[in-house]
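Peer 1: Sequence first, then the predicted structure:
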Amino acid sequence: MKIAVIGSINMDIVMKVHRLPEKGETLMASDYRTVPGGKGANQAVAAARLGASVAMIGALGNDAFGDTLLKGFQDEGLNVEGIQRTTGASGNALITVDDQGDNTILVYPGANGDITPQWIHQQEKLIQEADWVMLQLEIPMNCVVAAAKLAKKHGKKVILNPAPAAELPPELYTFLDLLTPNETELALLTGITGSEAGMQELLKRGVKTIVVTLGSKGSMAKNGDGTFTAEPYAIKAVDTTAAGDAFNAGLVVALAEERPLQEALAFANAVGALTATQMGAQHSLPLRGQVDDFMKSYQA
């Protein structure tokens with residue numbers, strides 16, 4: 001199974017605090033670390049650890065963070081032919097995590113904002129070789145549209161995780177096999193409160209399948225065959241930073257293995273849940289064996 005991920009690459013600066021700060025408040029952090037992140041990069045590494053052959057398409061700055069992030073991809077066995085180096089800084093994010101695992105995130109796009117549709121088209125070979133193309137919204141929107149359109153030109157399956165939340169160009173919906181908002185993103189996209197009605201609205205816009213992540217309530221999917229739900233896994237959350245990215249990777253890997261949608265949701269829930277039990281973005285992403293063992297132990 002081959003997956004091309006087109007999206008952001010960041011270095012995350014993570015600080016652990018007892019509680020999230022209020023406006024104007026200064027708190028002392030109990031832990032600090034730098035962790036490779038970025039929604040695109042997280043999804044790419046997660047998919048690779050779950051057994052997929054992954055090509056990462058994105059941009060890094062000409063700085064020490066860029067060198068570290070590139071080496072990290074190489075160590076994970078990713079194809080890095082589609083990563084360009086720019087003259088500025090790499091993308092980075094400042095993440096604050098509290099004792100309950102909740103977080104706040106500030107993102108500086110850096111090199112991620114330098115990606116152009118022309119650069120996407122130069123990576124056509126990597127897209128043509130993939131079975132699935134994964135997209136998010138931490139690179140310019142015109143690049144997301146260009147990538148989705150190019151993928152559909154070659155008959156590839158396309159998944160978009162619409163995060164950070166933003167309105168989408170109407171034409172983009174028609175290129176999507178899968179759209180995976182959370183409840184907040186679903187409401188922003190549709191103006192409708194309530195998952196069922198919101199999902200139905202997105203199907204009308206041309207998306208083939210909608211999958212909504214419901215946090216502690218699991219996940220739900222809707223397409224022309226009906227509505228499907230998957231129960232959550234009970235865990236003690238330590239850091240939810242990359243859980244959504246891991247969920248998306250798990251979903252695509254399961255579907256690429258031709259699992260039924262119901263099974264794919266359950267697998268994706270397990271990948272996301274395991275990720276939330278560890279600190280950091282890419283450091284917390286589980287290996288395939290860990291996910292399989294977790295699901296077996298949960299069912300026992």
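Peer 2: That came through, no problem.

Peer 1: Can you give me the neighbour number for the residue lying closest to residue 88 once chain neighbours are set aside?
Peer 2: Among residues not flanking residue 88 along the chain, residue 61 sits closest, at 5.1 Å (C-beta to C-beta, 6 or more residues apart in numbering). C-beta: built from backbone N, CA, C; applies to glycine. Other residues near residue 61 number 23, with proximity taken as other C-beta atoms under 10 Å.

Peer 1: next one: the one 10 residues further on
Peer 2: The burial count assigned to residue 71 is 12, neighbours taken as other C-beta under 10 Å.

Peer 1: try the one 10 residues further on
Peer 2: Residues contacting residue 81 under the criterion other C-beta under 10 Å number 11.

Peer 1: what do you get for residue 106?
Peer 2: By other C-beta under 10 Å, 10 other residues sit near residue 106.

Peer 1: which residues does the nearest residue to it once chain neighbours are set aside bridge with?
Peer 2: Nearest in space to residue 106, with sequence neighbours left out and distances taken as C-beta to C-beta, 6+ apart, is residue 94 at 4.5 Å. On the basis of DSSP bridges, residue 94 is bridged to residue 13, residue 106.

Peer 1: Tell me how many other residues surround residue 94.
Peer 2: Residues contacting residue 94 under the criterion other C-beta under 10 Å number 13.

Peer 1: Read off the pLDDT value for it.
Peer 2: Confidence per residue is given as pLDDT, and for residue 94 that number is 89.

Peer 1: hang on, isn't it packed against residue 13?
Peer 2: Yes - with contact taken as C-beta atoms under 8 Å, residue 94 and residue 13 are classed as touching, separated by 5.1 Å.

Peer 1: where along this structure do the strands fall?
Peer 2: Taking DSSP state E as the criterion, the chain carries its strands at 2-6, 10-16, 31-37, 53-60, 79-85, 91-97, 103-108, 132-135, 157-160, 178-179, 209-213, 219-223, 226-230.

Peer 1: so residue 73 sits right up against residue 67, yeah?
Peer 2: No - if you go by C-beta under 8 Å, residue 73 and residue 67 don't touch, sitting 11.3 Å apart.

Peer 1: Neighbour count for the two, which is higher?
Peer 2: Using other C-beta under 10 Å as the criterion, residue 73 and residue 67 rank with residue 73 on top: 23 against 14.

Peer 1: Who are the contact partners of the more buried one?
Peer 2: 41, 44, 45, 56, 80, 83 (C-beta atoms under 8 Å, 6 or more residues apart in numbering).

Peer 1: Now for the residues you listed: which two are most distant?
Peer 2: 45 and 83 (13.2 Å; C-beta to C-beta).

Peer 1: what about these two, which has more around it?
Peer 2: Ranked by neighbour count (other C-beta under 10 Å), residue 45 and residue 83 place residue 45 first, with 30 against 21.

Peer 1: Let me see the contact set for that one.
Peer 2: For residue 45, the contacting residues are 36, 54, 72, 73, 76, 78, 282, 285, taking C-beta under 8 Å, 6+ apart as the criterion.

Peer 1: repeat that with 6 Å
Peer 2: 76, 282, 285 (C-beta atoms under 6 Å, 6 or more residues apart in numbering).

Peer 1: Would you reformat the residues you listed as TSV and include neighbour count?
Peer 2: Conversion of the contacts of residue 45 to TSV gives the following (neighbours: other C-beta atoms under 10 Å):
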residue	neighbour count
76	19
282	25
285	28
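
Peer 1: if we can go back for a sec, could you tell me the least trusted of the strands of the chain?
Peer 2: Across those, the lowest-scoring stretch is strand 103-108, with a mean of 86.

Peer 1: could you dump it to PDB, C-alpha only?
Peer 2: Output in PDB follows, covering the C-alpha atoms of strand 103-108 (Å, rounded to 0.1, in the frame of the first residue of the first chain):
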ATOM      1  CA  ASN A 103      -3.700  21.500  24.700                       C
ATOM      2  CA  THR A 104      -3.400  24.900  23.100                       C
ATOM      3  CA  ILE A 105      -1.400  25.300  19.900                       C
ATOM      4  CA  LEU A 106       0.200  28.200  18.100                       C
ATOM      5  CA  VAL A 107       1.600  27.500  14.600                       C
ATOM      6  CA  TYR A 108       4.100  29.500  12.600                       C
END
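
Peer 1: Thank you kindly, that will do.
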